[in-house]
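**Student:** give me coordinates for this.
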Amino acid sequence: MTNPTAAMLVIGDEILSGRTRDANMYHLAGQLTQAGIDLTEVRIVSDDAPAIVAAVKALSGSYTHVFTSGGIGPTHDDITADCIAAAFGAQIDVRDDARALLQAHYDKSGKVLNSARLRMARIPDGATLIDNPVSIAPGFSLQNVHVMAGVPSVFPSHDGVNLCRR
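**Tutor:** Sure, this is the predicted structure:
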């Protein structure tokens with residue numbers, strides 16, 4: 001029996017420009033190796049929708065699991081959720097359960113859930129939320145793709161191995 005395979009898609013102009021160093025690949029590789037899951041490809045793409053969609057389609061068709069890092073925050077260039085939806089032909093909108101998580105978090109901290117922050121509740125139809133104990137904004141899994149924040153303090157809080165067992 002062969003081991004399950006995995007790929008990682010790192011998304012962001014800040015990685016490619018050298019402004020930000022990726023630490024998430026190292027963390028994920030260690031988790032997966034311990035669980036007997038072979039991480040066999042890591043691809044880095046810019047904040048470019050066609051590039052992200054093409055990479056998701058290629059990787060999801062070639063590997064048992066695909067993990068993404070980056071592009072699901074509140075800023076204008078955080079387009080990963082839209083790209084994942086496009087890659088799988090899914091609709092995307094603010095989802096009530098994700099919105100409720102964010103609303104409770106911001107109410108507790110005395111901050112407003114504004115339109116930028118609400119972007120983090122946009123989840124493709126059919127996706128399962130991934131808990132985020134650090135900043136509350138959920139990631140999600142759609143088919144064999146697990147979408148997580150790129151922030152190095154948030155990414156390690158997700159258990160990649162347990163996502164593979166879903």
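**Student:** quick one: low-confidence parts of the protein?
**Tutor:** The model of the chain has pLDDT under 70 over residues 1, 156-166.
**Student:** mind listing the helices for it?
**Tutor:** Along the chain, counting by DSSP state H, helices occupy 13-16, 24-34, 49-62, 80-88, 96-109, 115-118, 160-164.
**Student:** any idea which of these gets closest to V134?
**Tutor:** helix 96-109 (10.9 Å; Cβ to Cβ). (Each C-beta comes from the backbone N, C-alpha and C, glycine too.)
**Student:** hang on, the earlier thing: now, of the helices of the chain, which is deepest in the fold?
**Tutor:** Across the helices of the chain, the average number of neighbours (mean count of other Cβ atoms under 10 Å) peaks for helix 80-88, which reaches a mean of 22.
**Student:** adding distance to I72, write the helices of the chain out as JSON lines.
**Tutor:** Converted to JSON lines, those look like this (distance: least, Cβ to Cβ, whole Å):
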{"stretch": "helix 13-16", "distance to I72": "14"}
{"stretch": "helix 24-34", "distance to I72": "13"}
{"stretch": "helix 49-62", "distance to I72": "11"}
{"stretch": "helix 80-88", "distance to I72": "5"}
{"stretch": "helix 96-109", "distance to I72": "11"}
{"stretch": "helix 115-118", "distance to I72": "12"}
{"stretch": "helix 160-164", "distance to I72": "15"}
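**Student:** among those, which is nearest G126?
**Tutor:** By Cβ to Cβ (comparing all of the helices of the chain), the closest turns out to be helix 80-88, at 7.8 Å.
**Student:** which residues does that closest one contact?
**Tutor:** With contact meaning Cβ atoms under 8 Å, 6 or more residues apart in numbering, helix 80-88 is reached by 11, 49, 52-53, 56-57, 60, 68, 70-72, 90-92, 122-127, 140, 142-143, 145, 147.
**Student:** in strands, which of those fall?
**Tutor:** Among the contacts of helix 80-88, the members falling in strands (DSSP state E) are 11, 68, 92, 122-124, 140, 142, 145, 147.
**Student:** redo the residues you listed as TSV? Include neighbour count and distance to N114.
**Tutor:** Formatted as TSV, the ones in strands among the contacts of helix 80-88 follow (neighbours: other Cβ atoms under 10 Å; distance: Cβ to Cβ, whole Å):
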residue	neighbour count	distance to N114
I11	29	23
T68	29	25
I92	17	19
R122	18	14
I123	27	18
P124	24	22
F140	21	21
L142	22	26
V145	23	28
V147	28	22
